[in-house]
Each structure stands twice: as structure tokens, then as C-alpha cells.
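J.: 3D, please:
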Amino acid sequence: MNISPGDETSCQVCGKPAIGLEILGCCKAVVCEDHASQFLRNLSPGERLESGACYYVRY
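T.: Numbering: from 1, shown residues only. Sure, this is the predicted structure:
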């Protein structure tokens, strides 16, 4: 899969359209519905969640 490092519209795991990003400590992942954690899937579009060292942003 050929996804550029700055692309935040495609899932970094599979290339599907991304629903948001997850920052887990020092690691950031742009993910689709299939690869998002339950925390991100539970957020409404535009909503954000901070939990300890983790940060979730729903597009």
C-alpha cells in the first residue's frame, strides 16, 4: 500500500477512508471504522476525547 506520511484521509492500516486519528502516547495512527478503537468509534463527528496520554479526534 502506498500512503504518503502526511495523508490523514486514508487509514494507515488498510487505505480505506479514515474516520479520525488516535494519538496513543507518542504514536499517532489515522484509522478507518474497521481499525478504530471503541473510544474513537463512540465519538460523534467533530468530537475529541483526551484520556490520560491518549487523544482521539473524530473527523
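J.: does the most centrally placed residue in the chain count as helix, strand or coil?
T.: Centroid check for the chain by CA atoms, centre = their mean gives Leu21 as the closest residue, at 2.2 Å. Applying DSSP: H, G, I helix; E, B strand; the rest coil to Leu21 yields a three-state assignment of strand.
J.: mean confidence score for stretch 31-40?
T.: For stretch 31-40, the mean per-residue pLDDT is 97.
J.: got the contact list for that stretch?
T.: 11-14, 16-22, 29, 41, 49, 51, 54, 56, 58 (CB atoms under 8 Å, 6 or more residues apart in numbering). In short, each C-beta sits where N, CA and C put it, glycine included.
J.: among those, which ones are buried?
T.: Cys11, Gln12, Val13, Ala18, Ile19, Gly20, Leu21, Glu22, Ala29, Tyr56, Arg58 (16 or more other CB atoms under 10 Å).
J.: per-residue pLDDT, the second one?
T.: Note on Gln12: pLDDT of 93.
J.: so the residue nearest to the centre of the chain touches Cys27, yeah?
T.: No: applying CB atoms under 8 Å as the test, Leu21 and Cys27 come out as separate, 10.7 Å apart.
J.: just the contacts of stretch 31-40: which are in strands?
T.: Gly20, Leu21, Glu22, Ala29, Leu49, Ser51, Cys54, Tyr56, Arg58 (DSSP state E).
J.: as CSV, those with distance to Ala36 would be great.
T.: Output for the ones in strands among the contacts of stretch 31-40, formatted as CSV (distance: CB to CB, whole Å):
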residue, distance to Ala36
Gly20, 7
Leu21, 9
Glu22, 7
Ala29, 9
Leu49, 12
Ser51, 14
Cys54, 13
Tyr56, 9
Arg58, 9
